[in-house]
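Peer 1: dropping a prediction and its sequence here:
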Amino acid sequence: MAFDLAGASKPYKGQTLTLSLMAGYKVNEVIPQIGKEFTKITGIELKYESIPYSETLEKHMIALSTGSRTYDLLNIDNLWFPQYVSYLRPLDDYMKNPKLADPNFDVKDFVPEVLQGYQWEGKTYSFPEGYFFPVLIYRKDLFEKHGLTGPPKTYQEFYEYAKKLTEKEGGTTVVYGATEQGQRTGIFDELCTPYWGKGGQLFDKKLKPIFDNQDMLNVLTIYQKIYTEGLAPAGSTDFELGEAAAFFAQGKAAMMWNWSMMGADLEDPSKSKVAGKLGYTMFPKDNPKAVHYVREASTGLCIPKTATNKEAAFLFVQWLNSKGTLLKVEAEYKTGHPSRYSVMRDPKVAKLFPYFPLLEKAAKDNAVRLVPKIVEWSQVDDISAVYFQKCMIGKMSPKDAIKEAVKGVERMLDDKGYYFEGKEYSDLLTGRYN
Amino acid sequence: MDAVTEERYLPWGLLAPALIIILLIGVFPLFYNLFLSMHFWNLTRPELGMRFIWFKNYTSLFTSSLFWEAFLRTFVFTIVAVGLEMCLGFGLALLFNRDFKGKSIVFPIILIPMITTPIVVGLIWRYMFNGEFGFVSWILQVVGTDVHAVLSNPATALPAVIFVDVWHWTPFVFLLSLARLGALPRSPYEAAEIDGASTWQIFKWVTFPMMKSVLLVALLLRTMDAFKIFDEIFIMTQGGPGDATEVLSLEIYRQTFRYFNMGKGSALAIVMLIVIIIISRIYLKIFQKEEAVVQQ
């Protein structure tokens, strides 16, 4: 039996939901457009506020900690979810409430790791609208030109490929072998992929950082060489996902570690000079036995405990993440990051995006993982990034950079009291997957 | 109410609205900040609440090498940037104090940076310095220097942000100096000329002493402002590459709005405030000494 949204939403007709959306995500540009349909069916009005990604966390935290009732729905990156969780309302009660829950919602249709990104102590706080992870995007035409028959299989090979693919004309580099995302908010993520691909772990069971080892040393040494040998553009220290993709879209680089959703714009000829020339594959990993080695990311709408119109907010989240709506989002607006299997398998949608089979394969192979689910993850990332950036530009040796990063992370976690009782933490918290 | 009582209370009554506003927007936040600096309070761990921890935030700061590096960097930034701004601003003012062709066109152009908001300044120069598409990088490439991604190199990133601050704020010193130069009395100059003083002697013994007070005001204002620089650096480098441009205000931001350690962020803000007060006191002492000399 089809769910009667109009009937379920009757008690909430005339309410206005205020949504805080992160700018830069395609799906968030679509929500205000597609949301009109929800208003038409339910009579629930939607008001939007768009915040730049880099300012989202601080704005939300200030609003939540001061008990502000401004927002009914907050758009949250799953990377930050643990920092928000104390302030959020779980959805489980609503999902069990027959007056509100859509019986055809089909939670199992979501990629499990993506859903897990918004779960805490057995409770679900959101349904993610997006699913993406870092992949290797490469120029098939340049590979052919240089006689390379397939994508690199190890990180060392990635470096050797970058060397071969770098093209110079009269001393000036016209095509770089690779891009790097050296910005403070990007570098640690990029380094984690090959590190996890070696089977490396960031923490031990007691949450002590343990990445001061040969695996990380190898990864950082190669990463540094790619930059200092001029195989990646000099401005890479200022690159994050968007800058790297813009550079790549101009045809100036042959390989790129970047988030899968970037493929949506790279395949659009009006925005990219390399549309139709690209190959997508899993990022090379050194240890064939390493399973969870790419970080899954997503965005989802969560309801703060202080929200004024919680039930109406739940109805909107449920409607937005229903199979029908998400399919429409992909088919009509081409966001390129489906979180439901049924959407990525839909033949009409799948033919628009050459990398969709990769999304499904990664999910089925359990290759995707969440970052350690600790509140302090952003700090771990930031502390390490300072030293890794110094190393990237050759101002610190890989060995010293790793040593300092580990020391900094351990000191910070110690300050937060994680080692007081010497207890062991769950794998979800320590990010120990393999 | 008798006349004596009225005389005693009326001034306070009239002052009350202003005093209340000052208390609310000036004094209360300061004391609240002091209160916070002695607490552990992390916004992402509301379950732990606010805990009084005496001076632990301060000791943690003073034992951190990152803090001392940021502290030193802030000093270097302030001294170099303000020093250049003072020399260039005053020099330009001397130049503009005489007539030359095209003065009316150049004058407003020089003032443009000063009226541009810091965020826009940061964005303009971030793109100008961009290693791949930036104008400055293109020039450096043409000239054939080794480094062209200026903001990506720790050796050039701090000089680059100093350069931007100098570009932004030299007009301020220039404007203050020019206004004062235009208002200087003519008689000391006439006396000096009659005595046969050279141009350099006139500058050294007449112009400069009379300009000292305004230059000290400019120096004080610029030092206070440069010491708490945030916007331009945040937009241009976010403190990077590595921590090459990480100054104290960025560290405050990071502790408060990235790590949500409200206590530690507040402790840093208090330290910064104390440093600014000390610097201001030193300047004011020099200023008062100069005033006393002038009055004698």
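Peer 2: Nice, I can see it. Numbers count the residues shown, from 1 in each chain, chains lettered A, B, ... in the order given.

Peer 1: spit out the contact partners of the spatially most central residue of chain B.
Peer 2: Taking C-alpha atoms, centre = their mean, the centroid of chain B lies closest to B:D225, which sits 1.8 Å from it. Listed by C-beta atoms under 8 Å, 6 or more residues apart in numbering or on different chains, the contact set of B:D225 reads B:W169. Bear in mind the C-beta positions are built from the backbone N, C-alpha and C, glycine included.

Peer 1: tell me which residues in the helix or strand hosting it are buried?
Peer 2: For B:D225, the host element (DSSP states H and E) is helix B:208-227. Buried residues in helix B:208-227, counted by 16 or more other C-beta atoms under 10 Å in any protein chain shown: B:210-212, B:214-216, B:218-227.

Peer 1: quick check: the farthest pair among those residues?
Peer 2: Within the buried residues of helix B:208-227, B:M210 and B:F227 form the most distant pair, 27.9 Å apart (C-beta to C-beta).

Peer 1: so what's A:G279 bridging to?
Peer 2: Counting by DSSP bridges, A:G279 is bridged to A:Y138.

Peer 1: for it, report the pLDDT, please.
Peer 2: In this model, A:G279 is scored at 95, pLDDT.

Peer 1: where does the chain dip in pLDDT?
Peer 2: In the absence of a named chain, this looks at chain A. Scanning chain A with the threshold set as pLDDT under 70 gives A:1, A:434.

Peer 1: the intended chain is chain B.
Peer 2: Scanning chain B for pLDDT under 70 picks out the ranges B:1, B:146-147, B:294-296.

Peer 1: tell me the SS of the residue of the stretch 101-250 of chain B found nearest chain A?
Peer 2: Nearest residue of the stretch 101-250 of chain B to chain A (C-beta to the nearest C-beta) works out as B:G131 at 2.7 Å. Going by DSSP: H, G, I helix; E, B strand; the rest coil, the secondary structure assigned to B:G131 is coil.

Peer 1: in the stretch 151-300 of chain A, what residue lies closest to chain B?
Peer 2: Nearest residue of the stretch 151-300 of chain A to chain B (C-beta to the nearest C-beta) works out as A:G235 at 2.7 Å.

Peer 1: okay, now that residue: neighbour count?
Peer 2: Applying other C-beta atoms under 10 Å in any protein chain shown, we find 25 other residues in the vicinity of A:G235.

Peer 1: can you check B:Q238 too?
Peer 2: The number of residues packed near B:Q238 is 18, by other C-beta under 10 Å.

Peer 1: quick one: contacts for the closest residue in space to A:N309 that isn't next to it in sequence?
Peer 2: Distances taken as C-beta to C-beta, 6 or more residues apart in numbering or on different chains place A:Q15 nearest to A:N309, at 4.5 Å, with adjacent residues excluded. Applying C-beta under 8 Å, 6+ apart to A:Q15 gives the contacts A:44-45, A:308-309, A:312.

Peer 1: so B:V121 makes contact with B:H168?
Peer 2: Yes: using C-beta atoms under 8 Å, B:V121 is in contact with B:H168, at 5.1 Å.

Peer 1: what sits in contact with each of these two?
Peer 2: In terms of C-beta under 8 Å, 6+ apart, B:V121 and B:H168 are both contacted by the residues B:113, B:232.
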